[in-house]
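Student: Got a predicted structure plus its sequence, pasted below:
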Amino acid sequence: MDENTKPTVDYLQKLCDVIVLNTKEYLGVAAVWSNPEHYGNPDYRLPTPTGTYATFVNNVTALKATIKAGDHVTPNFINALVGYQTTLDANVKTLFTGDTFTDMVPLPAVDEPFKGPVLNAIVQNLNIISNNFDQVNGWWNSNDYCARTCQVACQSSCQIACQGCYSGTCHVQNCGGWS
């Protein structure tokens, strides 16, 4: 989007939707990031936010509702969008390490009704976050339950069972297999 093209209401509302979706994805990944503790953890890929995250999602959703067709996009609206995206960026960066986010763009505050480059930066950052979440898609089964939890729990259970082994056999990392 260039400097002179005004964003449509639909475009701005979709940006709000993507921020909410990425926040929920972040919460799902964060819930199972470390070694999950038990089999059958019911954490969904897109959990319902609670606490401060519920407030965050509610605020983004409320922001989305403030703009209607024909409205003038205010600096306050864009700055709120920038603020929410900056918060999401910071949260996601706590999970992924390395140079994963080197292409993310710092988001400045705006003092004009519209800044195309700012919205382009938000879109770029959302795409980078989405691409990182795509790398962990294998953590979820077809019902969006955590499959990683079950795998880790299964391995832990097998390793505990193996500790009782008095012979010279060793447990391989495939649950149920012995070498």
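Tutor: Ah, there it is. If you're wondering where the values come from, they're calculated on a predicted model, not measured in any experiment.

Student: Name the residues that touch stretch 95-109?
Tutor: Residues outside stretch 95-109 that contact it (CB atoms under 8 Å, 6 or more residues apart in numbering) are 26, 29-30, 33, 75, 79, 82, 85-86, 89, 92-93, 118, 121-122, 124-125, 128, 132. C-beta: built from backbone N, CA, C; applies to glycine.

Student: centre of the chain versus that stretch, how much separation?
Tutor: Averaging C-alpha positions (CA atoms, centre = their mean, to the nearest Å) puts stretch 95-109 14 Å from its chain's average.

Student: That one: end-to-end distance?
Tutor: Terminal residues of stretch 95-109 are spaced 26 Å apart (CA to CA, to the nearest Å).

Student: Let's test this: mean pLDDT of that stretch, rounded?
Tutor: Stretch 95-109 shows a mean pLDDT of 77.

Student: List the buried residues of it.
Tutor: Going by neighbour count (16 or more other CB atoms under 10 Å), the buried part of stretch 95-109 is 96, 100, 104, 107.

Student: before we move on, back to that, show me how to select, in ChimeraX, the buried members of the contacts of stretch 95-109.
Tutor: Filtering the contacts of stretch 95-109 down to the buried ones (16+ other CB under 10 Å) takes a single ChimeraX command:
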select :26,29,30,79,82,85,89,92,118,121,122,125,128,132
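
Student: for L12, what are its contacts?
Tutor: 64, 67, 73, 77, 81.

Student: which residues in this structure form helices?
Tutor: In the chain, the segments counted as helices under DSSP state H are 9-32, 51-65, 75-93, 116-134, 147-162.

Student: and the second one, what other elements does it pack with?
Tutor: Judged by 3 or more CB pairs under 8 Å, 6 or more residues apart in numbering; DSSP states H and E, helix 51-65 is in contact with helix 9-32, helix 75-93.

Student: Dump these to JSON lines, plus distance to V57.
Tutor: Shown next, in JSON lines, are the helices and strands packed on helix 51-65 (distance: least, CB to CB, whole Å):
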{"stretch": "helix 9-32", "distance to V57": "5"}
{"stretch": "helix 75-93", "distance to V57": "10"}
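
Student: And these: which comes nearest A147?
Tutor: Nearest to A147 among the helices and strands packed on helix 51-65 is helix 9-32 (9.3 Å), distances taken as CB to CB.

Student: tell me the mean pLDDT over the closest one?
Tutor: Across helix 9-32, the average pLDDT comes to 89.

Student: Tell me the buried residues in that helix?
Tutor: Result for helix 9-32 [16+ other CB under 10 Å]: buried residues 12-13, 15-16, 18-32.

Student: for this protein, what helix or strand is lowest in average pLDDT?
Tutor: Lowest mean confidence among the helices and strands of the chain (mean pLDDT, DSSP states H and E): helix 147-162, at a mean of 53.
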